[in-house]
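Participant: Next input, structure requested:
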Amino acid sequence: MSKQPTQSIRNKFMFSFLTMIIIFASVSFFSYYSQSHLLSRINSLLANSIKLREFSSNIDNIVISLEKFLVERSSDMLRSYYHYYQEVESEYNDLELVGESIVNYLLLKNIKTMTKLFLQEADAAVRFKRARDSAGYSGAFKEVLRYNTNIKWAVDRLITKQLEENNMQYLLITERINYIQRLGLLMILLAIIFSILSTIWIGSRLTKPLKKLVEAAETISRGEFQLPPLPVSSNDEITVVSQAFNEMATSISKLLSEIKNKSDLEKKLQEQEYQNLAMKNTLKEAELHALQSQINPHFLFNTLNAGVQLAIMEDADKTADFIDKVSKLLRYSLRKINMAVTIREETENLENYFFILKTRYGRDRFDLHIDVDPAIADFQIPLLTIQPIVENALIHGVEQLEGGGQIKVRAYQNDESVIIDVSDNGLGMDSETVKRLQEGRKVSGHTTGIGLWNVRERLRLFFGRENLLEIMSVPKQGTTIRLILPKDDKVQEVPVDENPCCR
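Facilitator: Prediction:
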């Protein structure tokens, strides 16, 4: 076990640094506080002086505008008068007293009182002018001039008194700042001397053992691990470092040997992991092919049988068309069995498939509507993804209707996904059946369950994600099966089938 230091290097440095920081902070704080206080008083005085000057100027502007209106009866002058009138009213409410002088308080109160009387006389002059009472507005205007003169005198007097009162405070604060600056310079000088002495002392306590530690480290870097233990003479963190270095030197050879063995083992594990990954990919591809092969082949036999019967009952042209659709359907399934297909290809195959269904069941019993956003027509999905869902909608939805069955296939997109909805207006499913299918469980003896489970599993393998198929159904109203396919997932590339019949 390493001996705990009794005198921490950190504490030594912290004591030295904190002493200097406290000195500098004290000087800076007092200097900043005094200067801020002085600037605040000066700024307040200047702002109030400017406010009083603007107030006096607007009083003059009222007099000028009023005089021109009385002489010229100009509407422009009247608008100018009301503008300055509003300015004075606004500034009147903002007038404040700077300082605690009783004289200044009385002057400010007198200014406000005279301003009220001034504005009243100005309004009276305007009313008399509009009433064409020349004697009335002449007398009112004389009162306006008298109040204007008194207000200007009071404003100038108030500004002068405030300057006189603040001049003494300015001198006192300035003298205090000069004193603090001289004291600060002295304290800074003492702090510099203290920091130099403490740095020399602490440095000498650190550099000697550190030099020995550096020499020992250079020896180890050359591969020489057999060296005498470092002498320990101090009682701080250098002691801990020296003891740890001695322990490291004795165990480093053993660690290097263990690292080499571990590296060899990790290399073997990586090779084994790579082989396991390759095996998983092979099994995944085999599982995909196995799931695709579960599509029920009895449909092709039934449709070919219907084609034979149709050839007996109808002319050869319809039979040829029927057989051609069957041939295309068979060729599509065989040619694309190991590849991804586009939504366009899947819907074209779906149209062939539905032509055969309408031939088998009658053209008036149900109808198919396909709506695909052209922007996603080339989006790739697994082979025979939509057809089993449409077959489910037919067999377990609209087939039991006497007529008017509707199956709608809609493909659209949002920012993150391509969405394919297959909806029907058939009998729907109860909540328990929907729950079993939504959980991805096979339904024993139920073609729908096997078909949807097959599609769900192939989508999971194809996109590498779960929960890509949703089922929404209301009994006696219909069912909607929704595929939510991610745009940004990269599917596994599968080689092209070399079956000659696909060419």
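Participant: Could I get the CA-only coordinates of stretch 127-147 as PDB?
Facilitator: Backbone C-alpha positions of stretch 127-147 (Å, rounded to 0.1, in the frame of the first residue of the first chain) are rendered in PDB as follows:
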ATOM      1  CA  ARG A 127     -60.300  77.400 -28.000                       C
ATOM      2  CA  PHE A 128     -60.500  81.200 -28.100                       C
ATOM      3  CA  LYS A 129     -58.800  81.300 -31.500                       C
ATOM      4  CA  ARG A 130     -61.400  78.800 -32.900                       C
ATOM      5  CA  ALA A 131     -64.200  80.900 -31.300                       C
ATOM      6  CA  ARG A 132     -62.700  84.000 -33.000                       C
ATOM      7  CA  ASP A 133     -62.300  85.700 -29.600                       C
ATOM      8  CA  SER A 134     -59.100  87.700 -30.300                       C
ATOM      9  CA  ALA A 135     -59.000  89.300 -26.800                       C
ATOM     10  CA  GLY A 136     -59.400  85.900 -25.200                       C
ATOM     11  CA  TYR A 137     -56.600  84.100 -27.100                       C
ATOM     12  CA  SER A 138     -54.300  87.200 -26.800                       C
ATOM     13  CA  GLY A 139     -54.600  87.200 -23.000                       C
ATOM     14  CA  ALA A 140     -54.200  83.400 -22.800                       C
ATOM     15  CA  PHE A 141     -51.100  83.500 -25.000                       C
ATOM     16  CA  LYS A 142     -49.500  86.200 -22.800                       C
ATOM     17  CA  GLU A 143     -50.000  83.800 -19.800                       C
ATOM     18  CA  VAL A 144     -48.400  81.000 -21.900                       C
ATOM     19  CA  LEU A 145     -45.300  83.200 -22.500                       C
ATOM     20  CA  ARG A 146     -45.100  84.100 -18.800                       C
ATOM     21  CA  TYR A 147     -45.300  80.500 -17.700                       C
END
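Participant: So for it, what gets flagged as buried?
Facilitator: Neighbour counts over stretch 127-147 (16 or more other CB atoms under 10 Å) mark F128, K129, Y137, A140, F141, E143, V144, Y147 as buried. Every C-beta, even on glycine, is put in place using the N, C-alpha and C of the backbone.
Participant: repeat for stretch 76-85
Facilitator: M77, L78, S80, Y81, Y84, Y85.
Participant: how about the buried residues of stretch 127-147, which pair is most distant?
Facilitator: Spatial extent of these (CB to CB) is set by the pair K129 and Y147 at 17.9 Å.
Participant: pretty sure P229 is in a helix, no?
Facilitator: No. Counting by DSSP: H, G, I helix; E, B strand; the rest coil, P229 is located in no helix; its state is coil.
Participant: hang on, the earlier thing: which of the buried residues of stretch 76-85 fall within helices?
Facilitator: Among these, DSSP state H puts M77, L78, S80, Y81, Y84, Y85 in helices.
Participant: quick one: which helix or strand includes G426?
Facilitator: G426 is part of no helix or strand, with elements assigned from DSSP states H and E.
Participant: Do you know the pLDDT at the closest residue to it other than its chain neighbours?
Facilitator: Excluding its sequence neighbours, the residue lying closest to G426 (CB to CB, 6 or more residues apart in numbering) is G397, at 2.6 Å. G397 carries a pLDDT value of 82.
Participant: burial of G397, as a residue count?
Facilitator: 26 (other CB atoms under 10 Å).
Participant: what's the answer for D324, then?
Facilitator: Neighbour tally, D324, other CB under 10 Å: 13.
Participant: Output the contacting helices and strands for the strand or helix carrying it.
Facilitator: Element membership for D324 (DSSP H and E) is helix 316-335. The helices and strands touching helix 316-335, judged by 3 or more CB pairs under 8 Å, 6 or more residues apart in numbering; DSSP states H and E, are helix 298-313, helix 343-361.
Participant: and the last one, which residues are buried?
Facilitator: For helix 343-361, the neighbour count (16+ other CB under 10 Å) marks 343, 345-347, 349-350, 352-357, 359-360 as buried.
Participant: just to revisit the earlier point, what's the least confident stretch among the helices and strands packed on helix 316-335?
Facilitator: Among the helices and strands packed on helix 316-335, helix 298-313 scores lowest, with a mean of 62.
Participant: Report the mean per-residue pLDDT for the longest helix that the chain contains.
Facilitator: Looking across the chain with DSSP H, the single longest helix is helix 134-221. Averaged across helix 134-221, the pLDDT comes to 78.
Participant: residues contacting the nearest residue to R465 once chain neighbours are set aside?
Facilitator: Among residues not flanking R465 along the chain, P486 sits closest, at 6.2 Å (CB to CB, 6+ apart). P486 is in contact with E416, S417, F463, R465, counting by CB atoms under 8 Å, 6 or more residues apart in numbering.
Participant: Turn the residues you listed into JSON lines, columns for secondary structure.
Facilitator: Shown next, in JSON lines, are the contacts of P486 (three-state DSSP):
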{"residue": "E416", "secondary structure": "coil"}
{"residue": "S417", "secondary structure": "strand"}
{"residue": "F463", "secondary structure": "helix"}
{"residue": "R465", "secondary structure": "coil"}
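Participant: Looking at the residues you listed, which is nearest P382?
Facilitator: Closest to P382, out of all of those and judged by CB to CB, is F463, at 8.8 Å.
Participant: just checking, the closest one touches L483?
Facilitator: No. Using CB atoms under 8 Å, F463 is not in contact with L483; the gap is 10.1 Å.
Participant: Name the residue in these two with the higher neighbour count.
Facilitator: Comparing F463 with L483 by other CB under 10 Å, the one with more neighbours is L483, at 21 against 17.
Participant: and the helix or strand where the more buried one lies, which strands flank it?
Facilitator: Counting by DSSP H and E, the element that carries L483 is strand 478-486. Partners of strand 478-486 in the sheet, by DSSP bridges, are strand 417-424 (antiparallel), strand 469-474 (antiparallel).
Participant: Using TSV, lay out those together with distance to S431.
Facilitator: Formatted as TSV, the strands paired with strand 478-486 follow (distance: least, CB to CB, whole Å):
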stretch	distance to S431
strand 417-424	18
strand 469-474	8
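Participant: ok, of the ones you listed, where does mean pLDDT dip lowest?
Facilitator: strand 469-474 (a mean of 92).
Participant: which parts of that strand are buried?
Facilitator: L469, I471, S473.
Participant: where's the first one relative to T160, distance?
Facilitator: The one in question is L469. 89 Å (CB to CB, to the nearest Å).
Participant: what does Q272 give?
Facilitator: Distance of Q272 to T160, computed by CB to CB: 96 Å.
Participant: and if you look at N349?
Facilitator: Remark: distance between N349 and T160 (CB to CB) = 99 Å.
Participant: again with E457
Facilitator: From E457 to T160 the distance is 95 Å (CB to CB).
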